[in-house]
Structures are given as structure tokens and as C-alpha cells.
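Chemist: Test case, fold it:
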Amino acid sequence: QVQLVESGGGLVQAGGSLRVSCTVSGTFFSILAMGWYRQAPGKQRELVATITSPGRTNYADSVKGRSTISRDNAKNTVYLQMDSLKPEDTAVYYCYCNVNFRLDGSINRYWGQGTQVTVSS
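Modeler: Next up is the predicted model:
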């Protein structure tokens, strides 16, 4: 099937930077959109950023201007560069990908296991 493995989370001071990565493996026809959600304790999971296969991006207002999403299609990997981090960015960050298993086939979403990002004040 499809597996997503995240890396790059950790502890950083406020104002610092962190980059998280997510690599997709398995058998599929193509990866369509990829992106990141996050979930802070006691809060609902929220969208952080998305990127389509051609590279069109979308960001949550809370991270716009401070984060950059990118992808390497040859490596089936999506990145999220986060700068000027704030304590309120503390959360578990989950990557996802939308894939299909044949041309014009149905789209299926898969999730990573999550990586903790903690921003200290």
C-alpha cells in the first residue's frame, strides 16, 4: 500500500526555524496534492499548507509568510520549512498525500504518523 514517513520535528526556541519532511512510498499511479496539517493539544486538526503536483501552494493564514511548502516529485517527498516560529506553532504535524492507482481513478488520501514540533518561549 502507501506509507508516509515524516522526519525533522523537534524542539526549537521561539523565532527559530525548523524543516519537516515526509516521504511517500508504496505502489500507486501518481501523487496528486500533498500537504501538512497540525494538531495542538485539546484542539482540532487544522490545515497548515498544501501543494499540488504542478506546485501550486496554499497556506493557512496563521503560517502565511512564515512557512514554505515544497515538494520533490522525483523523491516523492514534501517539505515544510517553518521560520519565525511561535509557541502557538507547537503541535503534532501530520503530512498527507492524495494518490490514485490508475489514470482518472479515484483519489485516496493517506496520512503520516505525525511528528512533534515544540516551540519554547
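Chemist: Please state the mean pLDDT value computed over stretch 72-81.
Modeler: Mean pLDDT, stretch 72-81: 97.
Chemist: Oops, could you answer that again for stretch 42-60 instead?
Modeler: 97.
Chemist: Strands along this protein, start to end?
Modeler: When secondary structure is read from DSSP state E, the chain shows strands at 2-7, 10-13, 18-26, 30-39, 46-51, 57-59, 67-72, 77-82, 91-100, 108-111, 115-120.
Chemist: Now mean neighbour count too, for the ones you listed, in JSON lines please.
Modeler: Glycine gets a C-beta too; all of them are placed from N, C-alpha and C. JSON lines is the format used below for the strands of the chain (neighbours: other CB atoms under 10 Å):
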{"stretch": "strand 2-7", "mean neighbour count": "16"}
{"stretch": "strand 10-13", "mean neighbour count": "12"}
{"stretch": "strand 18-26", "mean neighbour count": "18"}
{"stretch": "strand 30-39", "mean neighbour count": "20"}
{"stretch": "strand 46-51", "mean neighbour count": "19"}
{"stretch": "strand 57-59", "mean neighbour count": "16"}
{"stretch": "strand 67-72", "mean neighbour count": "18"}
{"stretch": "strand 77-82", "mean neighbour count": "22"}
{"stretch": "strand 91-100", "mean neighbour count": "21"}
{"stretch": "strand 108-111", "mean neighbour count": "14"}
{"stretch": "strand 115-120", "mean neighbour count": "17"}
